[in-house]
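A.B. asks: Structural data only, the sequence is not supplied:
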């Protein structure tokens, strides 16, 4: 963990506790280049965004930053926070500027006009959905590396998704795999410990 990353994590924690606009500005200064880089890279995969005013795109990135820092989990690592910011920015750009939508005028709103501390029920539900999609994306990326390194097989991955992501009951999984419940339990525990060891060796919290 770098000092820069640790400072970012501490600022996010401080903002969650006090919702101080000055703290938010400090966070923004630290991730400014990350927001710009994410926007520029996303434009490359979404050509229609080239027709949008850059100030609008950047402001959208700021809004997504405000949304993500209030839902970051207390034990999140700096690397995880950065990953969440990138994913939220991309998602916010996709939602705000869907394909074939062209905004010709800049609609920049000041930070003071955006309320980050009182998300509506709908916003919370949307954030939960985005968070789940991000978690799944993160898990799939990690497990793809594990499969490539022969730590687990594709069948192991499918089993772990059923048990630890979808939270399927052992009995249901056993029925799907046509084997004993005890076999599923033992296999899941073995895979869990194997992946935990592998994640720790890669510096990732399991």
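C.D. replies: Arrived safely, thanks for sending. Fair warning: this is a prediction, and the values are worked out from it, not measured in the lab. Numbers count the residues shown, from 1 in each chain.
A.B. asks: how many neighbours does residue 15 have?
C.D. replies: 22 (other CB atoms under 10 Å). For the C-beta atoms, the positions are set from N, CA and C on the backbone; glycine is no exception.
A.B. asks: Report the contact partners of it.
C.D. replies: 23, 24, 27, 69, 70 (CB atoms under 8 Å, 6 or more residues apart in numbering).
A.B. asks: and which of the residues you listed is nearest residue 151?
C.D. replies: Closest to residue 151 out of the contacts of residue 15 is residue 69 (32.9 Å), distances taken as CB to CB.
A.B. asks: And for that closest one, the neighbour number?
C.D. replies: Residue 69 has 24 nearby residues by other CB under 10 Å.
A.B. asks: If we ignore the residues flanking it in sequence, what's nearest it?
C.D. replies: residue 12 (5.0 Å; CB to CB, 6 or more residues apart in numbering).
A.B. asks: any idea which helix or strand carries the one you found?
C.D. replies: Residue 12 belongs to helix 3-18 when assigned by DSSP states H and E.
A.B. asks: returning to that earlier point: these two touch, right, the residue nearest to residue 69 and residue 72?
C.D. replies: Yes. Residue 12 lies in contact with residue 72 (CB atoms under 8 Å); the separation is 5.5 Å.
A.B. asks: which of the residues in stretch 155-166 are buried?
C.D. replies: Buried residues in stretch 155-166, counted by 16 or more other CB atoms under 10 Å: 156, 157, 159, 160, 162, 163.
A.B. asks: With respect to residue 144, which of the residues you listed is nearest?
C.D. replies: residue 157 (8.2 Å).
A.B. asks: and the closest one, what is it in contact with?
C.D. replies: 143, 146, 147 are the contacts of residue 157 under CB under 8 Å, 6+ apart.
A.B. asks: That one: which element?
C.D. replies: Assigned by DSSP H and E, residue 157 falls in helix 154-160.
A.B. asks: circling back to that earlier point, got a winner among the contacts of residue 15 for most neighbours?
C.D. replies: Ranked by the number of neighbours (other CB under 10 Å), the contacts of residue 15 place residue 69 first, at 24 neighbours.
A.B. asks: check contacts around that one.
C.D. replies: Here residue 69 is in contact with 12, 15, 16, 24, 27, 81, 116 (CB under 8 Å, 6+ apart).
A.B. asks: re the thing from before, dump the buried residues of stretch 155-166 into JSON lines; add pLDDT and distance to residue 99 as well.
C.D. replies: Converted to JSON lines, these look like this (pLDDT from 0 to 100; distance: CB to CB, whole Å):
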{"residue": "156", "pLDDT": "90", "distance to residue 99": "37"}
{"residue": "157", "pLDDT": "86", "distance to residue 99": "32"}
{"residue": "159", "pLDDT": "89", "distance to residue 99": "36"}
{"residue": "160", "pLDDT": "85", "distance to residue 99": "34"}
{"residue": "162", "pLDDT": "85", "distance to residue 99": "33"}
{"residue": "163", "pLDDT": "85", "distance to residue 99": "37"}
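A.B. asks: ok, of these, which one's closest to residue 86?
C.D. replies: Looking across the buried residues of stretch 155-166 and measuring by CB to CB, the closest to residue 86 is residue 157, at 23.7 Å.
A.B. asks: For my notes, please list the contacts of residue 69 in CSV and give pLDDT for each entry.
C.D. replies: Compiled in CSV, these are given as follows (pLDDT from 0 to 100):
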residue, pLDDT
12, 92
15, 91
16, 90
24, 92
27, 92
81, 89
116, 43
